[in-house]
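Peer 1: predicted coordinates and the sequence they were generated for:
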Amino acid sequence: MGIPVELRRLAIGSFLFLLVGISGTILLPYLVDDPGSAAALELTPQQARGRALYKREGCWYCHTQQVRSTEAHKGTVVRPGDIGAETIPADYAGQKPTFWGTERQGPDLSHTASRQSEVWQREHLKDPRSTSPGSIMPSFGHLPQDEIEALVAYLMTLK
């Protein structure tokens, strides 16, 4: 009784289709040497410390670092492109982990440095509602001043 020829052809075709899909989504990007974009930059020690604090304090749970054109007319995005070019994979070259956000309760932080000053960032970290009425972000005023400065230095790299 063996396996019908049609079923064998379907299984082989499905397997080949799966291999092509895996090659296109996993192997090819791995093999392509991507030098990164202008947005992918080396961080100073203070900025790297700020990035570590950003991770430690869980900022990435609520804030993404991606620009999506579909967010026009929501929050601080008035029209597509007003907070910078859409995010491309090369923007994250050398960043481990990548902060893409999980809950998306806060606004995207890509290009935040071109929208807000260091003074604003500092004040927002210490008392979020003083700069953004109605914000649900917790205060980070409990952090020592050097950690606040490191966080601000990192946020100012997001241009």
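Peer 2: Structure's in. What do you need?
Peer 1: by mean pLDDT, which helix or strand of this protein comes out lowest?
Peer 2: Per-element confidence for the chain was summarised using mean pLDDT, DSSP states H and E. The lowest value among helices and strands belongs to helix 28-31, with a mean of 67.
Peer 1: care to break this protein down by domain?
Peer 2: Domain assignment for the chain by automatic domain parsing gives 1-32, 45-155.
Peer 1: now do stretch 42-56: everything it contacts.
Peer 2: 60, 97, 99, 143, 147, 149-155, 157 (CB atoms under 8 Å, 6 or more residues apart in numbering). C-beta here means a position set from N, CA and C on the backbone, and glycine is covered the same way.
Peer 1: one step back: worst average pLDDT in the domains of the chain?
Peer 2: Across these, domain 45-155 has the smallest mean pLDDT, namely a mean of 77.
Peer 1: straight-line length of that domain, end to end?
Peer 2: Using CA to CA, to the nearest Å, the gap from the first to the last residue of domain 45-155 comes to 14 Å.
Peer 1: can you start the count at 14 instead of 1 from here on
Peer 2: Sure thing, new numbering starts at 14, so read that last one as domain 58-168.
Peer 1: just the strands from the protein, written as ranges.
Peer 2: If you assign secondary structure with DSSP state E, the chain ends up with no strands.
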